[in-house]
Structure formats: C-alpha cells, structure tokens
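>>> Prediction below, plus the sequence it came from.
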Amino acid sequence: MVSMRSSIAESMNSWDSIYQHKQFRDSRRKVVEAARKLTAIRGNSFVLDGELDSEAPVPWARRIVQSSWFRASVPVVILTNLILLGVEVDASADLPPNEHLEGFYTANLVIVSVFFVEILLKVKAYGCREMFCGPDKWWNWSDLLIFCLSIFEIVAEAVASVMFASEMDPSQLRMMRFLRFVRALRGVRVVRLLQYLSALRTIVFSIVSTMSSVGWTSLLLVVLFYLFGVLLTQISTDHCRDLKYTTGEFCDEQLDRFWSSVPQSMLTLFLSITNGISWDEALQPLRQISDIAVVGLLIYIVITVLAVLNVVTGVFCNMAIESARADKDIATMQQMQKHEAQVEALREVFREINTEGQEVIGLDDLKEAMQRQKLRSFMHAMEIATDDIVTLFMCIDADGSGDITLDEFVYGCMNLAGPAKGLQVARMGYESAIIRKEIKAMREDLRRLKTSMDGQHAGSQAYLREIPTLMSEFGAAVRV
C-alpha cells in the first residue's frame, strides 16, 4: 500500500515538473501575448477621431479655421458684400462722377479687413507651404488674388477721391469710369462661395464639365442650321426671283424677313428651336411658295427638337452626374456630411437606449432596446443584422469589458454598417496571419518539449502506465 502511494506521488511530481518546465511556460506566455495583441488590434479599430486628435494638440488657428462657425461666417460676409455692391451701384447712379457714398466705402473697407484676417488665420493655421502648395492651393491662390484686387480698388478709389475732388476734365472722367468698373469687379468675390457651398460647387463643376459636349453639340446644330438653311433659302430666293422677273412684284415681307439669305435662314432656324420665335410663325411664309419647303422645315423640327435636343439633354445630365462623382472635393465633402449625420443619429440612438442616464449600457439594455420596431428598423437601414443580439454586443464591445460606452457604440455600429469593407477584410487576414504564426511557434515548442520530456521522464511514463492498476488496487484496499 505504501509503495502504491509513493508511485502515485512520484507520478504527480513528474506532471508538476512538466508543467513548470521552461519551454512549457514560454509557450503559455506566447499564447497570452498573442491573445493580448489581437485584443489590442481590435480595440484600436474603434479609436475615435477625437482621441487621436487629443494625443496631438491642434493649434488654435487651425481650430478656428476648421470650426463650423468660421466656415459659415465667410459665405455670409461674401453675400453681404454682394448685396452692398448692388445697393451702392443703384444709389450712386444719380451722383456726380467725382462723388461717392462714404458709408459704402467704409463698409467695403471692413469687409476687405475681414478677408485679410481670414487669410492671416489660414497662413497661421497651415503655413505658407501647405496653403499655397497643398491640395487646396488653387482656392487659396484665388482668395489671395481677389484680396489683392480689393486692395487695389480701395487704394485707387481713395487716391481718386483726393485728386479729382474738383472739376474733372475728360481724361479724369474716363479714369473715374474705370474705377467704377473696377468697383463692380467686387462681384468676383462670389467665386469664393464655391469653396464653402458644396451644392453650388457641384452645379458649377457640372456645367464646366459639359463644356466639351456643348462645343460638339453646337457644331452639330450649326451643320443642321447650314444644311436646312441652304435648302430653304434656295427655295425662297428662287420663288422671289421668279416673282420679280415675271410679274414685277416683290416677295412677301415675312418671307424676306425669315428666309432672304443663308445667315438669316440659319438665325431663323436657331430661333425656332430656342423659343426666340414660334416655328409656326416661320412656317407660314413657306406655305405660300412650296410644299417641299414646308416638309423640309418640319423634318428639321423633328430632327432637332425630338431627337438632337433630347439626346443632348440626356448626355449633359449623365456627364454632370459623373463629374460630380469624380470630383474628389465634392465626394469627400459629401462623405463627411454623410458620416457626421450617421454619427449623430447613432448618438441619439444610444441616448434612447440608455434610459437611466448612465455612461454605459449592458447586454440587457441592448436586448430590451431591440424589442422596439423603430430601433430595429434603424439598424436594418444601416445593414446591421440584429438576429443575434449577443454576437452584436460582443462585436460592439471592443475592449471586452461587458459594457458599451457611447464611443464604442457609435464606432462599432459604423464599422458593422453595410457589407464588409476592404480594410475590415484586410484586418481579418492580418489577424489570421498572426494566429497562424503563433500556432506554428507553439507547435514547434510543443514538439521540442515532447522530445525533451520523452528523454528526461521515461521513468514517469512507466509510472503513468501503472496508474490504472494502482488505482484499482487502491480501490480494492479501501473496500477492504
């Protein structure tokens, strides 16, 4: 009996020595490190923009320039400048050439000062290199050019008001007219609205992108104008010539007005399809001279109005849509607006779930909230599956704490929204590669450990093989 107990004790000591072996401990430590590494990777996927920004403090000038109130105030100043420009031009229409309204000059000086402060803030925020050589360099160069024109206009008007205070000769009068023309160029500042109003910029860029199609369409229409103009002019002039030399009468006034020459006929054809005149009005004189001319004009109307213009309209719309999608600034701004709207909606959903006003929500809170049709519909609209609430909770809970904070909920749902993204698939592949690497290393460690244990603990293996017999003998001894 004593020998049996000593055998069992030796076997247990052998297993303790195996567990405490250095290679076994190293393998176990690697497994724990790999698990922690994967947890850190998943946790970093949910880091907020605000957290990243907090690590690197943003300069005060950049915070001002990137703030929403700053971006909203600049368009207001530009629109105010345009309104004052129109009122000034209208109010000074009856003034003598050498007089101007002091109030409007002061207002313009204040607006230019605001633009100057804006440029200084941008230079302070981004630096000259990033401002004039970065991705927004063309907008910044246009802002600087418009500001320089404004300074020139203010200085020129101030100098002219001092030099031409008395009676002016004709040359000075021409100079004042030129300065008033320069004053009207303040309207160029409206171009700056394109930088801040994405909807307006989309329209303008779409129009610009269709300019090539406008050129080719114009060429096609000119060819049609010319072909049908030559035909109708030939018929009209032959009729007028025959009428003049046979009866001595002159052509009808309307026929001479619309179809007297090729350029006049081309103009008539152009006006008839652009609402300049009614095409029936141009058709009436032709009815008196030839059915061929009437048929020719009708064919022209069918080709241009029902075919060419409709097809061209479709082409323009398609090109405008494609250009709006291709413009990276517009696409970036629209994506940012969409992202901000989704984040705000998710924050509101979190507040609805968190009825107790705490900073976190638990699994029970999420299950209870998913019973509401409104929240389920919202999740389905974002293409987030709600069939398995537990799995959804685990995916959103990035740090595995068992509770979901506001930031985890917002960015967890943003990552789960829609189909798998390329970055998410790449992250899964990266995690799989880490797991395969660690498993391979563990396999090698276990193989070496097994080899070592086979040589060092051969005696323990013999004791292990005798354990069943010893246990049966021990049981029989206990029963006795």
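On my side now, so go ahead. Residues are numbered from 1 along each chain as shown.
>>> Give me the neighbour count for Trp279.
19 (other C-beta atoms under 10 Å). C-beta here means a position set from N, CA and C on the backbone, and glycine is covered the same way.
>>> And the next helix or strand past the helix or strand of the chain with the lowest mean pLDDT?
Ranking every helix and strand in the chain by mean pLDDT, DSSP states H and E puts helix 49-55 at the bottom, with a mean of 41. Toward the C-terminal end, the helix or strand that comes next after helix 49-55 (DSSP states H and E) is helix 60-66.
>>> So which bits of that next one are buried?
Of all the residues in helix 60-66, those buried under the rule 16 or more other C-beta atoms under 10 Å are Val65.
>>> for that helix, packing partners?
helix 102-133 (3 or more C-beta pairs under 8 Å, 6 or more residues apart in numbering; DSSP states H and E).
>>> how far off helix 102-133 does the following helix or strand past the helix it packs on point, in degrees?
Next along the chain after helix 102-133, taking DSSP H and E as the criterion, comes helix 137-163. Going by axes from the mean of the first three to the mean of the last three C-alpha atoms, to 10 degrees, helix 137-163 is angled at 150 degrees with respect to helix 102-133.
>>> what comes up buried for helix 137-163?
139-140, 142-144, 146-147, 150, 153, 157, 160-161.
>>> okay, those in CSV with pLDDT and distance to Gln342 next?
Shown next, in CSV, are the buried residues of helix 137-163 (pLDDT from 0 to 100; distance: C-beta to C-beta, whole Å):
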residue, pLDDT, distance to Gln342
Trp139, 75, 27
Asn140, 79, 31
Ser142, 78, 33
Asp143, 78, 32
Leu144, 83, 36
Ile146, 78, 36
Phe147, 81, 37
Ser150, 78, 40
Glu153, 76, 45
Glu157, 73, 50
Ala160, 67, 55
Ser161, 67, 55
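>>> Mind putting those residues into CSV with distance to Leu366?
Output for these, formatted as CSV (distance: C-beta to C-beta, whole Å):
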residue, distance to Leu366
Trp139, 45
Asn140, 47
Ser142, 51
Asp143, 49
Leu144, 53
Ile146, 53
Phe147, 54
Ser150, 57
Glu153, 62
Glu157, 67
Ala160, 72
Ser161, 72
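>>> Can you name the two of those that sit furthest apart?
Greatest spatial distance in the buried residues of helix 137-163: Trp139 and Ser161, 33.2 Å, computed using C-beta to C-beta.
>>> For Val204, grab the count of nearby residues.
Val204 has 14 nearby residues by other C-beta under 10 Å.
>>> was I right about it contacting Leu193?
No: look at Val204 against Leu193 with C-beta atoms under 8 Å: they stay out of range, at 9.4 Å.
>>> Show the contacting residues for the residue nearest to Asp397 when sequence neighbours are not counted.
Spatial nearest neighbour of Asp397, excluding adjacent residues (C-beta to C-beta, 6 or more residues apart in numbering): Ile404 at 5.4 Å. Shown in contact with Ile404 (C-beta atoms under 8 Å, 6 or more residues apart in numbering): 360-362, 366, 393, 396-397, 412.
>>> Check Phe228 too.
265, 269, 296-297, 299-300.
>>> Show me the residues you listed that map onto helices.
Among the contacts of Phe228, DSSP state H puts 265, 269, 296-297, 299-300 in helices.
>>> Neighbour-wise, give me the winner out of these.
Leu269 leads the ones in helices among the contacts of Phe228 on contacts (other C-beta under 10 Å) with 26 neighbours.
>>> show me where pLDDT drops low in the stretch 351-480 of the chain?
Counting by pLDDT under 70, the stretch 351-480 of the chain contains low-confidence residues at 418-426, 453-480.
>>> make it 80
354-359, 373-392, 395-402, 411-412, 414-431, 442, 445-480 (pLDDT under 80).
>>> What ranges in the stretch 101-250 of the chain fall below the confidence cut-off?
101-105, 108, 130-132, 134-140, 142-143, 146, 149-150, 152-209, 243-250.
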